[in-house]
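>>> Structure here, sequence nowhere to be found:
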Ligand code: GDP
């Protein structure tokens, strides 16, 4: 699976968001989630297409695909110097695929701010500097090691060292590597370094109920994100935790209606995490189970099969494929077949978002 680490200064609303996320079992039995560790939540990916498929296939169960969120509390100024268990937090971030950076964009005198005032630019810088300094540490250790190898005439070591020397002043200034504009071949050279500031990042602007519009704090976050190629999702975490408390779907729908919302803001957070990681969904639709599966955009049919079981990839013969729209329009597999919308695809087929697939394989 793929996961997204939630970071941010203390008291910006991280736990509130995380708790809402892990409580958001939209329909408890159909959308199961489990908590592996106290700080890890597996969250169902909201996808109305699953219900539409289930309506046609009438399976015994419906299983959504999931995103994992990890609450990485305690990142503070000085973390990169090992203060306040800083190294542990940085190590936790290193293990995540993407970063959700929560930024306080609400004014509330009852909630203490660590720097005594709400200032999204300063808050973002504080966190980004710690991450950049952690990267600086990796860069410097890399340069040291590569210097020895480069002396031995290792060409890749020479090239990588030159690149690290270009990266060094950027991260030393506390700037994220995302904004350096590295080319694909350069990214490949430094992939092994696991740089924190290269991880796909979204800013979660935690606003008040009334803070979605005309909110200068939110505008600041949008400006910073645009300059860095990062995403922004505005949510009111406090409201989300109230929405997540409602177990009854009707009650929840009513509450959302009163708020003028079509869906919980959390759904946008989860989808943004998905988009951030370049992920897409394909479906399997049998009478036992209608299920959503996650693959990278650009995955081939055998790679998609591997998500279900590695044997499916090893013994892959062909994939039976019906596009989602066709499956719905022709009311299922038979209808799609009759209309000539059922295809057999081979090993090089690139999976499309929403494909309804069935794999043929040798055991
Ligand atoms: P963390 O330290 O980043 O995990 O922050 P918490 O989630 O514990 O939140 C800190 C305080 O801010 C708590 O008292 C929350 O109730 C409050 N809080 C969180 N989100 C909001 C919000 O959107 N609006 C307001 N007014 N308070 C919030």
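Received the coordinates, thanks. Just so it is clear, the structure is predicted and the values come from calculations on it, not from any experiment.
>>> So which residue is dead centre in this protein?
For the chain, residue 273 is the residue whose C-alpha lies nearest the centre (Cα atoms, centre = their mean; 2.7 Å).
>>> if I look at it, how far off is residue 197?
18 Å (Cβ to Cβ, to the nearest Å). C-beta coordinates here come from the backbone N, C-alpha and C atoms, glycine included.
>>> how far does the single longest helix found in the chain sit from the chain's center?
Counting by DSSP state H, the longest helix found in the chain is helix 120-151. Here helix 120-151 is found 23 Å from its chain centre; the criterion is Cα atoms, centre = their mean, to the nearest Å.
>>> Check which residues of that helix are buried.
120, 123-136, 138-139, 142-143, 146, 150 (16 or more other Cβ atoms under 10 Å).
>>> got a pLDDT number for the residue nearest to the centre of the chain?
Note for residue 273: predicted pLDDT of 92.
>>> now do residue 20
Reported pLDDT for residue 20: 88.
>>> Secondary structure element holding it?
Assigned by DSSP states H and E, residue 20 belongs to helix 14-23.
>>> So what touches that helix?
Residues outside helix 14-23 that contact it (Cβ atoms under 8 Å, 6 or more residues apart in numbering): 6-8, 33, 35, 39, 41, 43, 69, 71, 73, 102, 204, 206, 235, 237-238, 240-241, 243-245, 266, 269-270.
>>> If we check the ligand, which of those are in contact?
Within the set of the contacts of helix 14-23, contact with the ligand (Cβ under 6 Å from any ligand atom) is found for 8, 73, 206, 237-238.
>>> what residues does this structure put near the ligand?
Checking the chain against the ligand by Cβ under 6 Å from any ligand atom, the hits are 8, 10-16, 73, 106, 108, 111, 206, 208, 236-238.
>>> let's see 5 Å
Taking Cβ under 5 Å from any ligand atom as the measure of proximity, the chain contacts the ligand at 10-16, 106, 108, 111, 206, 236-238.
>>> So which of these belong to strands?
Mapping the residues of the chain next to the ligand onto strands (DSSP state E) picks out residue 206.
>>> Have a look at the chain and report the helix or strand with the lowest mean pLDDT.
Within the chain, no helix or strand scores below helix 86-94, which has a mean of 79 by mean pLDDT, DSSP states H and E.
>>> and that helix, how far out from the chain's middle?
Relative to its chain's centre, helix 86-94 lies at 18 Å (Cα atoms, centre = their mean).
>>> So which bits of that helix are buried?
Neighbour-count burial for helix 86-94 [16+ other Cβ under 10 Å]: 86, 89-90, 92-93.
>>> Next, the angle from that helix to helix 120-151.
80 degrees (axes from the mean of the first three to the mean of the last three Cα atoms, to 10 degrees).
>>> What helices and strands are in contact with the next helix or strand after helix 86-94?
Using DSSP H and E, the helix or strand that follows helix 86-94 in sequence is strand 98-104. Secondary-structure packing of strand 98-104 (3 or more Cβ pairs under 8 Å, 6 or more residues apart in numbering; DSSP states H and E): strand 3-7, helix 120-151, strand 201-206, helix 265-276.
>>> could you say what helices and strands the second one packs with?
In this case it means helix 120-151. For helix 120-151, the packing partners by 3+ Cβ pairs under 8 Å, 6+ apart are helix 86-94, strand 98-104, helix 155-172, helix 216-228.
>>> Check the shortest one too.
With contacts defined as 3+ Cβ pairs under 8 Å, 6+ apart, the packing partners of strand 3-7 are helix 14-23, strand 66-71, helix 86-94, strand 98-104.
>>> Run through who's touching the shortest one.
Looking back up the chat, that one is strand 66-71. Residues contacting strand 66-71 (Cβ under 8 Å, 6+ apart): 1-6, 14-15, 18, 21-22, 33, 39-45, 92, 95-96, 100, 270, 273-274, 294.
>>> What of the last one?
Around strand 98-104, the neighbours that count as contacts under Cβ under 8 Å, 6+ apart are 2-9, 11-14, 17, 69, 93, 113, 118, 120, 123-124, 127, 196, 199-206, 217, 221, 237, 269, 273, 276-277.
>>> Quick check: mean pLDDT of it?
Rounded mean pLDDT across strand 98-104 is 96.
>>> Parallel or antiparallel, which strands does that strand pair with?
In the sheet, strand 98-104 lines up against strand 3-7 (parallel), strand 201-206 (parallel) (DSSP bridges).
>>> Tell me which residues of it come out buried.
98-104.
>>> Sketch out the low-pLDDT regions of the stretch 1-150 of the chain for me.
Residue ranges of the stretch 1-150 of the chain with pLDDT under 70: 24-38, 74-77, 79-80, 82-86.
>>> Good, we can wrap up now.
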